[in-house]
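Chemist: make a model of this:
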Amino acid sequence: MLYGIENPKGAIEHVLFANRMAEHLGINSFNRIARVSFGDNGINKEVAGAVPLEETLLLGQEGWNDTVLHLCIRSRRTACKIATVHFPNREVTIDGQYRHTLIMRKLTDSEIQQIFNYVWDNMELIQPMDKYLKD
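Modeler: Below you'll find the predicted structure:
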């Protein structure tokens, strides 16, 4: 969802969300954003009458020696952090807010671990793209 290798940019709603989450999480910057989709459309969706939840996003900072990624749910007015993982040790911390959020179907601890394992094994999926590269 980001492009530009030297100075990553992206869709304004995603960049603004990432900036707000980075500030909330106490991280200085981010250089990764990816949309996570599920085969089950009920995952991370609101209950009737609640604030609409729009999408599940992965955002974080990839550095020289380590990477920290945050799995979050984005809506227009609010956000919910699901979990954080630190690579390369793959230490996952599931956020208490997510455990207590009222939504149709939450991810299980095992599913969260599977998402992070998949990302770790396929890091090219979250690399900013240089939209000016020609095939």
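
Chemist: make it CA atoms for all contacts and neighbour counts henceforth
Modeler: OK.

Chemist: how about the contacts made by residue 56?
Modeler: With Cα atoms under 8 Å, 6 or more residues apart in numbering as the criterion, the residues that contact residue 56 are 35-37, 44, 71-74.

Chemist: please apply the same query to residue 62.
Modeler: Residue 62 is in contact with 30-32, 68, counting by Cα under 8 Å, 6+ apart.

Chemist: follow-up on the earlier one: show me the contacts of residue 56 that map onto strands.
Modeler: Members of the contacts of residue 56 lying in strands (criterion: DSSP state E): 35-36, 71-74.

Chemist: now the buried members of the residues you listed.
Modeler: Buried subset of these (neighbour count, 16 or more other Cα atoms under 10 Å): 71-74.

Chemist: where along the chain do the helices fall?
Modeler: Counting by DSSP state H, residue ranges of the helices within the chain are 12-25, 96-100, 109-121.

Chemist: circling back to that earlier point, just the buried ones out of the contacts of residue 62, please.
Modeler: A residue is treated as buried here by neighbour count (16+ other Cα under 10 Å); on that basis the buried members of the contacts of residue 62 are 30-32, 68.

Chemist: the residue positioned nearest the centre of the chain bridge partners, please.
Modeler: Centroid-nearest residue in the chain, with Cα atoms, centre = their mean: residue 58, separated by 1.4 Å. Note on residue 58: beta-bridge partners by DSSP bridges are residue 34, residue 71.

Chemist: begin at 33, not 1, for the rest of this chat.
Modeler: All right, first residue 33 from here; so that's residue 90.

Chemist: tell me who's in contact with it.
Modeler: 64-68, 101-104.
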